[in-house]
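**Student:** Any chance you can model this:
(chains A and B)
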Amino acid sequence: MNSPADIHPAQLDVAADFPILARKVHGRRLAYLDNGATTQKPLAVIEAERRFYLESNANIHRGVHWLSQHATELYDDARITVQRFINAASADEIVFTRGTTEAINLVAQSWGRAELRAGDQILITAMEHHSNIVPWQLLCEQTGAMLKVAPVSDAGELDLDAFDALLGSDTQLVAITHVSNALGSINPVAELTARAHAAGALVLVDGAQAVAHQAVDVQAIGCDFYAFSGHKLYGPTGIGVLYARKPILQAMPPWQGGGDMIRTVSFERSTWADAPQRFEAGTPNIAGAIGLAAAIDYVQGIGLARIAAHEHALLDYATATIGTLPGIRLVGTARDKAGILSFLVDGIHPHDLGTILDAEGVAIRAGHHCAMPLMNRFGIPGTARASLAMYNTQADVDALAAAIGKAQKLFGT
Amino acid sequence: MNDSAPDLRELYQEVIFDHNRQPRNFHAMADADHQADGHNPLCGDQLTVYLRIEDGLVKDVSFVGHGCAISTASASLMTEAVKGKPVAEVEALFHDFHALLTDVPPDRDFGKLAVLSGVREFPARVKCATLAWHTLHNAIVGAQEPARTE
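**Tutor:** I've put the predicted structure just below:
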C-alpha cells in the first residue's frame, strides 16, 4: 500500500511529498511512527524555506529597501496564514515563538508574573507534558502562587469531577493539554474552558499534539491562550505559535527586551511596541515562519477532516492489531483519542524494545515522553509509543507488530 | 553514522538474558558500609549499589533497582566481577570497562563482562551498561549525589 487509504493520492502522494520516508534504515524499509516527537516535512515546506533564502532573504521591519519589505510581507502573510488556520479573530493575536515550550514560558513570565499573587492557584492536569508543568512551577516560585493538579483515570481520561472540585475562586489560570502526548487522550477543551471561565480563570491550551490531527478553532474553544509548535505540524523546527486573545495580549508586559519590540528607547525610559511585536524581540525565525505557513497550506490542501479520519481509522487498526498481541498492555485507553498508541510488552523494557524495533526499521519513542508525573501515576518508568501521521499506513503498523513479535522471540517471552 | 543492520544477537547475548531474568546479588544489604544510588532520569533506570569493604577488599556487593535488560544484566555481572577484589583493582576495572564500551578496548581479559562489549555498536545504550559501574564508583568514593550516565 503506497498511500493512506482514506486520502486520495492526488492530494497526498507520500513518495513524492515525503522523500525521507523512502530511505532505508538499517537496510530496512522505514516505518516512521515517532510523529508525536516530530513529523517529517513535505517537499513544499523544504522548498519554501529554500526559496526564501534563495530569493527573498532580508531582515524584516527595518529596511527601506525592497528586499526587506518583501521579506516583511512574507513574514506578515505567514502570521495571517496561522490566524486563519486556528480561526483567530485577528492576526495581532498571533505571536511567533520558538515552539510550544517558549509560548507557554512567555505566558508564564509575562502574564503570570504581572497578574499572579501569593495564594493564587494554577490548575493543570496529571497528563501534562513537562513544558506545561515546569514553567508554572517556576512562576509559582516567583509569585507564591500554588500549582494544583487534576487527576486522570486508569484509562487516561481527565477526572472532570475532580477538575471541578479543584477549580475555585483562587484559580487564576487553567493550563491543559488538548491532546496528551503520552496517551493520546483528547481533552474536552471547550467544555473545560467554559467551566474555567465560569470560575473566573483564564485558560491556556497546549495544542502541540492537536493541531496536526484535527481542525482547531480557538474562538469555538473560547480559550485565552493556545500554544503549538511548527515541527509537529509538518513544519520546520524552531518556530511555534502563541495565540492570545487581543485584550489580554495587549495588556501583557514584555518578557524579553531588544530590537523590534520597542516603540522608543532612551536611557531614561523605553516604550513598547503593540502586540504581537512586543513579544518578538530580536530577529525572529523568518524562514521558519514562512516554512510553517507552507506546512499549513499543505495540511489544508489535504484537509484536516480527511487527515483526522485517516488517522482515526489507522489508530483503530493499530489498537486492534497491537492491542491483541500476546503480552501487550495498552496504556491510555480513553474513549476520545488521537493518533497515539502507548503500550508495554511483558518482560521487555521499553528501551530494549525501542532498540530491537529500530533494528527492524521501526522508529518509535521509548521512555517517559516528558511526562514523568503521568508515568508515576501509572506506576511505570515509561512506555513504548507509536504516534501516527497522515502518511502512515497499515504497512507501518504491520511492521510494528512484526517487530514486536521478533522482540518477544528474542527475549523468549 | 553507520546505517547497516545492527546485529541484535551481539547486543542481547544469552548471558545478558540470563542475568536480566535472574540478577545475581540482587538484594539490599543490611550491613553495607558503602552504598550509592544511580538514576538515569530520561530512561527511568534506577538502582542502589551496596558494598562491604574490609582491608581494602570488596567483601560483599549487591544491588537493587529496575531498568532495561542491559542495565540490569550489567549490574548483575558487575557484582560477580568485583566481589572479593581489591578496591584499587575494581576501580581499574571500571576504567577499562568504560573504555571497552566507548573508547579503544583495553588489552585485558574481561571475563564474563566481555558479553557487554556488543553495546559499543549501540551508542544510545552505553549509558544503560555503565550506570551500575558509575554507581559502584560513587559508593566507593562516598559521593553524595546519585550517579548518572545520561
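**Student:** Which residues of chain B lie near chain A?
**Tutor:** With the criterion set to C-beta under 8 Å from any C-beta of the partner chain, chain B comes near chain A through B:3-6, B:8, B:11-12, B:17, B:41-46, B:66-70, B:122, B:124-125, B:128. Where you see a C-beta, it was placed from the backbone N, CA and C, and this is true even at glycine.
**Student:** which of the residues you listed count as buried?
**Tutor:** Buried subset of the residues of chain B next to chain A (neighbour count, 16 or more other C-beta atoms under 10 Å in any protein chain shown): B:6, B:8, B:11-12, B:43-46, B:67-70, B:122, B:125, B:128.
**Student:** Which ones among those lie within helices?
**Tutor:** B:8, B:11, B:69-70, B:128 (DSSP state H).
**Student:** okay, these in JSON lines with pLDDT and distance to A:Ala359 next?
**Tutor:** Output for these, formatted as JSON lines (pLDDT from 0 to 100; distance: C-beta to C-beta, whole Å):
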{"residue": "B:Leu8", "pLDDT": "87", "distance to A:Ala359": "5"}
{"residue": "B:Leu11", "pLDDT": "89", "distance to A:Ala359": "9"}
{"residue": "B:Ala69", "pLDDT": "95", "distance to A:Ala359": "14"}
{"residue": "B:Ile70", "pLDDT": "96", "distance to A:Ala359": "14"}
{"residue": "B:Cys128", "pLDDT": "94", "distance to A:Ala359": "16"}
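**Student:** Pick out the most distant pair among the residues you listed.
**Tutor:** B:Leu8 and B:Cys128 (14.6 Å; C-beta to C-beta).
**Student:** which parts of the stretch 301-413 of chain A sit against chain B?
**Tutor:** A:348-352, A:355-356, A:359, A:366-368, A:372, A:375, A:381-382, A:410-412.
**Student:** Make a ChimeraX selection of whichever of these turn out to be buried.
**Tutor:** Buried members of those, defined by 16+ other C-beta under 10 Å, are picked up in ChimeraX with:
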select /A:348,349,350,351,352,355,356,359,366,367,368,372,375,381,382,410,411
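**Student:** Restricted to helices, list the residues of the stretch 301-413 of chain A next to chain B.
**Tutor:** Those of those lying in helices (DSSP H): A:350-352, A:355-356, A:359, A:372, A:375, A:410-411.
**Student:** Quick check: the residue of chain A found nearest chain B vs A:Ile20, distance?
**Tutor:** Residue nearest to chain B within chain A (C-beta to the nearest C-beta): A:Pro381, separated by 2.9 Å. In this view, A:Pro381 and A:Ile20 are 31 Å apart by C-beta to C-beta, to the nearest Å.
**Student:** What of B:Gln46?
**Tutor:** Taken as C-beta to C-beta, the span from B:Gln46 to A:Ile20 is 36 Å.
**Student:** Now do the strands in the stretch 301-413 of chain A.
**Tutor:** Assigned by DSSP state E, counting those that start in this stretch, the stretch 301-413 of chain A shows strands spanning A:328-331, A:340-345, A:362-363, A:365-367, A:383-387.
**Student:** and those strands, which one's lowest on average pLDDT?
**Tutor:** Per-segment mean pLDDT for those reaches its minimum on strand A:365-367, at a mean of 93.
**Student:** What is the burial count for A:Glu268?
**Tutor:** Here the number of neighbours of A:Glu268 (other C-beta atoms under 10 Å in any protein chain shown) works out to 5.
**Student:** With adjacent residues omitted, what lies nearest to the closest residue to chain A within chain B?
**Tutor:** Chain A sits closest to B:Gly44 of chain B, with a gap of 2.9 Å, by C-beta to the nearest C-beta. Excluding its sequence neighbours, the residue lying closest to B:Gly44 (C-beta to C-beta, 6 or more residues apart in numbering or on different chains) is A:Pro381, at 2.9 Å.
**Student:** Identify the residues contacting that neighbour.
**Tutor:** With contact taken as C-beta atoms under 8 Å, 6 or more residues apart in numbering or on different chains, A:Pro381 is in contact with A:349-350, A:368, A:375, B:43-46, B:66-67.
**Student:** Hmm, which of the residues you listed is lowest in pLDDT?
**Tutor:** B:Cys43 (77).
**Student:** pretty sure that one is in contact with B:Cys68, am I right?
**Tutor:** Yes: between B:Cys43 and B:Cys68 there is a contact at 6.9 Å, judged by C-beta atoms under 8 Å.
**Student:** Find residues that contact each of those two.
**Tutor:** A:351, B:128.
**Student:** circling back to that earlier point, so what pLDDT did the residue nearest to B:Gly44 get?
**Tutor:** Reported pLDDT for A:Pro381: 87.
**Student:** what about it, distance to B:Cys43?
**Tutor:** Distance from A:Pro381 to B:Cys43, by C-beta to C-beta: 7 Å.
**Student:** got any residues that touch both of those two?
**Tutor:** B:Gly67.
**Student:** quick one, strands of chain B?
**Tutor:** Taking DSSP state E, the strands of chain B run over residues B:34-40, B:45-54, B:57-66.
**Student:** residues in contact with B:Gly84?
**Tutor:** Counting by C-beta under 8 Å, 6+ apart, the residues that B:Gly84 touches are B:57-59.
**Student:** who wins for neighbours among those?
**Tutor:** Ranking these using other C-beta under 10 Å puts B:Val58 first, with 22 neighbours.
**Student:** Looking at strand pairing, list the partners for it.
**Tutor:** In this entry, B:Val58 is beta-bridged to B:Ile53, by DSSP bridges.
**Student:** for the one 4 residues further on, same thing?
**Tutor:** Beta-bridge partners of B:Ser62, counted by DSSP bridges, are B:Tyr50.
**Student:** Residue 52: neighbour count?
**Tutor:** I'll assume chain A. 21.
**Student:** Oops, wrong one, chain B.
**Tutor:** Neighbours of B:Arg52 (other C-beta under 10 Å): 16.
**Student:** Can you show me the strands along the stretch 51-200 of chain A?
**Tutor:** Under DSSP E, counting those that start in this stretch, the stretch 51-200 of chain A gives strands at A:94-97, A:121-125, A:146-150, A:171-177.
**Student:** okay, those in JSON lines with mean pLDDT next?
**Tutor:** Shown next, in JSON lines, are the strands of the stretch 51-200 of chain A (pLDDT from 0 to 100):
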{"stretch": "strand A:94-97", "mean pLDDT": "98"}
{"stretch": "strand A:121-125", "mean pLDDT": "98"}
{"stretch": "strand A:146-150", "mean pLDDT": "98"}
{"stretch": "strand A:171-177", "mean pLDDT": "98"}
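**Student:** what's the closest of those strands to B:Phe26?
**Tutor:** Across those (criterion: C-beta to C-beta), the nearest stretch is strand A:146-150, sitting at 34.6 Å.
**Student:** list the buried ones in that closest one?
**Tutor:** Buried residues in strand A:146-150 (16+ other C-beta under 10 Å): A:146, A:148-150.
**Student:** Please apply the same query to stretch A:190-201.
**Tutor:** Buried, per 16+ other C-beta under 10 Å, within stretch A:190-201: A:192-193, A:195-196, A:199, A:201.
**Student:** and which of those residues is nearest A:Gly339?
**Tutor:** Checking the buried residues of stretch A:190-201 one by one against A:Gly339 (C-beta to C-beta), the nearest turns out to be A:Leu192, at 20.5 Å.
**Student:** Per-residue pLDDT of the closest one, please?
**Tutor:** At A:Leu192, pLDDT is 98.
**Student:** correct me, but it touches A:Thr171?
**Tutor:** No: checked against C-beta under 8 Å, the pair A:Leu192 and A:Thr171 is beyond contact range at 11.9 Å.
**Student:** quick one: least confident helix or strand in chain B?
**Tutor:** helix B:8-11 (a mean of 86; mean pLDDT, DSSP states H and E).
**Student:** Max pairwise distance over the ones in helices among the residues of the stretch 301-413 of chain A next to chain B: which two?
**Tutor:** Most distant of those, by C-beta to C-beta, are A:Met372 and A:Leu410, 28.5 Å apart.
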